[in-house]
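In: Sharing a model prediction with you, sequence too.
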Amino acid sequence: MASGALLITTAGIRARVVTKVLPWRPSEVYPVTPVVPGGCLFFTAAEAAIVDALIDRLIPTDELGAGARDAGVTTFIDRQLAGPYGGHDWLYMQGPFAESPLPSQGLQSPLTPREQYRSGLAALDAYCRANYGGCGFVELSGEEQNKLVGAMEKGEARLQSFSSQVLFSIIYSNTIEGYFADPIYGGNHDMVGWKLVGFPGVRYDFRDAIERPNHSYTLPPVGLQGRPAWEVR
Amino acid sequence: MARRLPRTDVAIVGLGWTGSILAYELSHTGHDVVAIERGPWRDTATDFNIGTAPDELRYAVRHEFFLRPRQETLTARNCATQEALPIRKWGSFLPGNGVGGAGAHWNGQTWRFLPDDFRIRSHMIERYGEKILPEDNHIQDWPVSYDELAPYYEKFELVLGVSGKAGNLKGKIQTGGNPFEGVRKNEYPTPPMKQGYAQELFTKAATSLGLHPFPLPSANVSVAYTNQYGCTMAPCTYCGFCERFGCANYSKSSPQTCVLPALVREPTFEARTECEVTKVNLSADGKMATGVTYIDANGDEWEQPAGLVLVCAFSLFNVRLLLLSGIGKPYDAARDEGVVGRNYAYQTGGGSTGFFEGVKFNPFAAAGSLGMALDDYNSDNFDHGPHGFVGGANITCAYSNGRPIEYHPTPNGTPTWGSAWKKAVRDNYQKVASVGAQGSVMSYRNNYLDLDPTYKDPLGRRLLRMTFDYKDNERKMATWMADRCDAIIKAMGTNKTQVHSLNGPWSVVPYQTTHNTGGAIFGDSPRTSVLNRYLQSWDVHNVFVMGASAFPQNAGYNPTGTVGALTYWALDAIFDYLKSPRALVPS
């Protein structure tokens, strides 16, 4: 991650060699690329519609404010799946993959998040069409969707060729991530997740709050890109 | 075929706390030092920049600063009859990577172990008789005493600028400090941090119960500080992004803030990053190290000859490197023979969470080491006779963060999604405080590390295999400690509490702690230890191994303070060794 410009390199060694000076230049940082809303990089339109409907059950829009769908969480998940997370690029994915791992041994599936969504959403839609008179998940009533999501959480919905519990679990954790992550990633639009709980974001200095124990903190939240009120119009 | 480089006096494997301190001290005294680090170079200005650092998703959830399991992981199982499987995604613990190592992403809780911890076996037998020791234990006295290590603890605390309140100054007990601690010669380098409202309640409650609360010793410094290396720190701002993050404020002690700015100016020091040491090379008779072999970022192999090899990687990877290099006899649990991989230990967790009414705890105003602690139930500070377990725990009421992806507590019985969940998340964010017990783990015949027969890293080298579970002794202790925590939190003013202890087998999934200890322990005999009391290999006397891998068993504390003290303790021995290379303790 360090600049090569100030490096004094021992001839022949193809490594980053650091000696005599710290190897960085002013203003050299590694920011993330802000997500631009609109369209999908990974999901098909049909898949995005199912995710929209599903995450709207998990964190609904209600009197407490926008839910996951309205906070842009589908876009968040889509962009995450298009990046290194979606391919489990940083994880240990060498075989052999055990047939019956113990729960205490954690993740042992060869399926990447992209594969889990692609197969899982297809299996869910097929299940709905077979059991709800040809209707897909998005066409079910809110009550039917809630019932089905509850059954998926417990693993009681028997999808063909995919575990409903695995599908629930990945969508659930990605939804929580997207709802509460910095808005730079496409979800948590207008910092709704942070406002819900009263998290002031990345102010990075709460000495004022520490000085006033058991008092409300009243400053509005700030994200990595500031907040809407700061934008040049 | 590895190409051979010019010889250096000292080769250091890994540039975290221990590696950077030794590199500074040895290059400062004129030795040629090459540090080889498999991760990238990292600096505050570039990598922990305030515009990018406070990013929960990137660092806490996606683990950007941690070792990527793709590069190296371990396999894990609870007992020898199970098949170990790779930890494909980190959970229970999070090994660091890159310059700074775990010292860049830690919380900064900087403890001294208690005097009794260093002679726990003898002490427990003297007070309670042999029968108190658990079945199949490998509990050993440390080969150094608290009194021997005390000056080195102080040296490390001065480098970090640790904030705290002494409880025992030259034998005189001090109000507001830890009355159980070993003797300190001086106050902490900087005064304690400010505390939040939950800590205020904890302090009152604990005091009313006859306990002795004190501020957690913190390497998130309370005031501006300049250490003996000339490195300057700024006061902590309670930003709530410590653990799993680098500090953008130069407030959290790390190799980056406290050592590297001085180290990099030493003309005889050189770091090579993104270079992975694959083994320590030995002479034909196996009695001396000749240097190390490493693979650079392009996949080219190099041999770095060295007069002295200092193994300074994370504890688990020290053990693996020794096994892959053939230094020391590998531990064989079936026969209870050998030493490398023996006495792996960990830490117990547990405690009680309280849901309060009419409070604003502001959990986001936090720091990795913000909190109050008490040691009334640690080590042998209380009578173990009625309880039948060995060990103890440090009890804390701490807030490290209120980052909402991972912190949005709800009471048991709350639905996990939907409007009712959303309401509970909103209603409880400000109202939850926890009292936790971080306990010791003893060493046992059946908790150990060795090489996995099946799974390999991308270079084709066998992964380390961890065989570990909590034993009855630790489970009994954790349950008892959780009840103590529950009594305190109830005294803080709520009856709505949830007690948590060790349930089921140890699992790789939920985060527990990165306090992995043992596997390359130091001791008085080469039959039961890898290293002598100076952290020098019994078998290869120009190899020293730093880190918590040296702990014979783990105490009820975070390990870094003791890791730092041992580094300075070993450094004195290394200076002596360089004058006259030899086994410093005859075997």
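Out: Yep, it's here.
In: which helix of chain A spans the most residues?
Out: helix A:113-131 (DSSP state H).
In: and it, anywhere near chain B?
Out: No: using C-beta under 8 Å from any C-beta of the partner chain, helix A:113-131 stays clear of chain B, coming no nearer than 11.2 Å. Every C-beta, even on glycine, is put in place using the N, C-alpha and C of the backbone.
In: can you give me the strands in chain A?
Out: A:16-18 (DSSP state E).
In: So what are the sheet partners of the helix or strand of chain A with the lowest mean pLDDT and their directions?
Out: The weakest-scoring helix or strand in chain A, judged by mean pLDDT, DSSP states H and E, is strand A:16-18 (a mean of 90). Using DSSP bridges, strand A:16-18 pairs in its sheet with strand B:269-273 (antiparallel).
In: Quick check: what element follows the strand it pairs with along the chain?
Out: strand B:276-282 (DSSP states H and E).
In: Would you mark the buried spots in the helix or strand that that following strand is followed by?
Out: The C-terminal neighbour of strand B:276-282 among helices and strands, as given by DSSP H and E, is strand B:289-295. Of the residues in strand B:289-295, B:289-295 count as buried by neighbour count, 16 or more other C-beta atoms under 10 Å in any protein chain shown.
In: Please identify the next secondary structure element, helix or strand, after strand B:289-295.
Out: Following strand B:289-295 in sequence, per DSSP H and E, is strand B:301-311.
In: Tell me if that following strand is near chain A.
Out: Yes: using C-beta under 8 Å from any C-beta, strand B:301-311 reaches chain A at B:Trp302.
In: do the same with stretch B:278-296
Out: Yes: Stretch B:278-296 lies within reach of chain A by C-beta under 8 Å from any C-beta, at B:Asp296.
In: which residues touch that stretch?
Out: A:13-15, B:2, B:7, B:11, B:13, B:36, B:272, B:274-277, B:301-306, B:308-309, B:311, B:321-322, B:324-327, B:459, B:461, B:539-543 (C-beta atoms under 8 Å, 6 or more residues apart in numbering or on different chains).
In: out of those, which are buried?
Out: Applying 16+ other C-beta under 10 Å to these flags A:13, A:15, B:11, B:13, B:36, B:272, B:274-277, B:302-304, B:306, B:308-309, B:311, B:321-322, B:324-325, B:327, B:461, B:539-543 as buried.
In: For residue 33, which residues are in contact?
Out: This is for chain A. Applying C-beta under 8 Å, 6+ apart, no residues contact A:Thr33.
In: that's the other chain; I wanted chain B
Out: Per C-beta under 8 Å, 6+ apart, neighbours of B:Val33: B:8-10, B:12, B:23, B:26-27, B:266, B:268-270.
In: mind checking how far it is from B:Arg42?
Out: Per C-beta to C-beta, to the nearest Å, B:Val33 is found 19 Å from B:Arg42.
In: mind listing which of the contacts of B:Val33 are in helices?
Out: Checking the contacts of B:Val33 against DSSP H, those in helices are B:23, B:26-27.
In: Serialize the contacts of B:Val33 to CSV and add fields for pLDDT, neighbour count and distance to A:Tyr30.
Out: Listed next are these as CSV, based on pLDDT from 0 to 100; neighbours: other C-beta atoms under 10 Å in any protein chain shown; distance: C-beta to C-beta, whole Å:
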residue, pLDDT, neighbour count, distance to A:Tyr30
B:Thr8, 98, 20, 31
B:Asp9, 98, 16, 34
B:Val10, 98, 24, 31
B:Ile12, 98, 30, 26
B:Ala23, 98, 29, 25
B:Leu26, 98, 24, 31
B:Ser27, 98, 26, 29
B:Glu266, 98, 20, 27
B:Thr268, 98, 18, 30
B:Phe269, 98, 24, 25
B:Glu270, 97, 22, 24
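In: Chain A: which of these is nearest?
Out: Chain A lies nearest to B:Glu270 out of the contacts of B:Val33, by C-beta to the nearest C-beta, at 4.3 Å.
In: Show me the beta-bridge partners of that closest one.
Out: Going by DSSP bridges, B:Glu270 forms beta bridges with B:Val34.
In: That one touches B:Glu37, doesn't it?
Out: No: using C-beta atoms under 8 Å as the test, B:Glu270 is too far from B:Glu37 to be in contact (11.3 Å).
In: what's the longest helix of chain A in contact with?
Out: A:42-43, A:46-47, A:50-51, A:77, A:80-81, A:85-88, A:109, A:111, A:135-137, A:139-140, A:148, A:152, A:157-162, A:164, A:166-167, A:170-171, A:174.
In: buried ones in that helix?
Out: Buried residues in helix A:113-131 (16+ other C-beta under 10 Å): A:113-114, A:116-125, A:127-128.
In: Would you mark the buried spots in stretch A:19-36?
Out: So stretch A:19-36, judged by 16+ other C-beta under 10 Å, has buried residues A:19, A:22-24, A:28, A:35.
In: now do stretch B:337-347
Out: B:338-347.
In: What ranges does chain A have for its helices?
Out: Under DSSP H, chain A gives helices at A:45-58, A:73-82, A:113-131, A:142-154, A:164-180, A:192-197, A:207-211.
In: next one: the longest one to chain centre, how far?
Out: So that's helix A:113-131. How far helix A:113-131 lies from its chain's middle: 19 Å, per C-alpha atoms, centre = their mean, to the nearest Å.
In: what does the last one give?
Out: Averaged C-alpha coordinates place helix A:207-211 at 31 Å from its chain's average position (C-alpha atoms, centre = their mean).
In: do the second one as well
Out: Here the centre of mass of C-alpha atoms in helix A:73-82, compared against the chain's by C-alpha atoms, centre = their mean, lies 6 Å away.
In: and the angle from it to helix A:45-58?
Out: 120 degrees (axes from the mean of the first three to the mean of the last three C-alpha atoms, to 10 degrees).
In: how about stretch B:96-114 as PDB, C-alpha atoms only?
Out: Extracted as PDB, the C-alpha positions of stretch B:96-114 are listed here (Å, rounded to 0.1, in the frame of the first residue of the first chain):
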ATOM      1  CA  GLY B  96      -3.300  -9.100  11.800                       C
ATOM      2  CA  ASN B  97      -1.300  -8.600   8.800                       C
ATOM      3  CA  GLY B  98       1.100  -6.000   7.500                       C
ATOM      4  CA  VAL B  99       3.500  -3.700   9.200                       C
ATOM      5  CA  GLY B 100       2.200  -3.100  12.700                       C
ATOM      6  CA  GLY B 101       0.600  -6.500  12.900                       C
ATOM      7  CA  ALA B 102      -1.900  -7.000  15.600                       C
ATOM      8  CA  GLY B 103      -0.400  -3.900  17.200                       C
ATOM      9  CA  ALA B 104      -2.100  -1.700  14.600                       C
ATOM     10  CA  HIS B 105      -5.700  -3.100  15.000                       C
ATOM     11  CA  TRP B 106      -5.700  -3.900  18.800                       C
ATOM     12  CA  ASN B 107      -7.800  -2.100  21.400                       C
ATOM     13  CA  GLY B 108      -4.900  -1.100  23.600                       C
ATOM     14  CA  GLN B 109      -5.700  -2.700  26.900                       C
ATOM     15  CA  THR B 110      -2.200  -3.000  28.400                       C
ATOM     16  CA  TRP B 111      -1.900  -5.200  31.500                       C
ATOM     17  CA  ARG B 112       0.800  -6.500  33.700                       C
ATOM     18  CA  PHE B 113       0.100 -10.100  34.800                       C
ATOM     19  CA  LEU B 114      -0.100 -10.600  38.500                       C
END
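In: Measure how buried the closest residue to B:Val221 other than its chain neighbours is and give me the count.
Out: For B:Val221, ignoring the flanking residues on the chain, the nearest one in space by C-beta to C-beta, 6 or more residues apart in numbering or on different chains is B:Gly161 at 4.6 Å. B:Gly161: 27 surrounding residues under other C-beta atoms under 10 Å in any protein chain shown.
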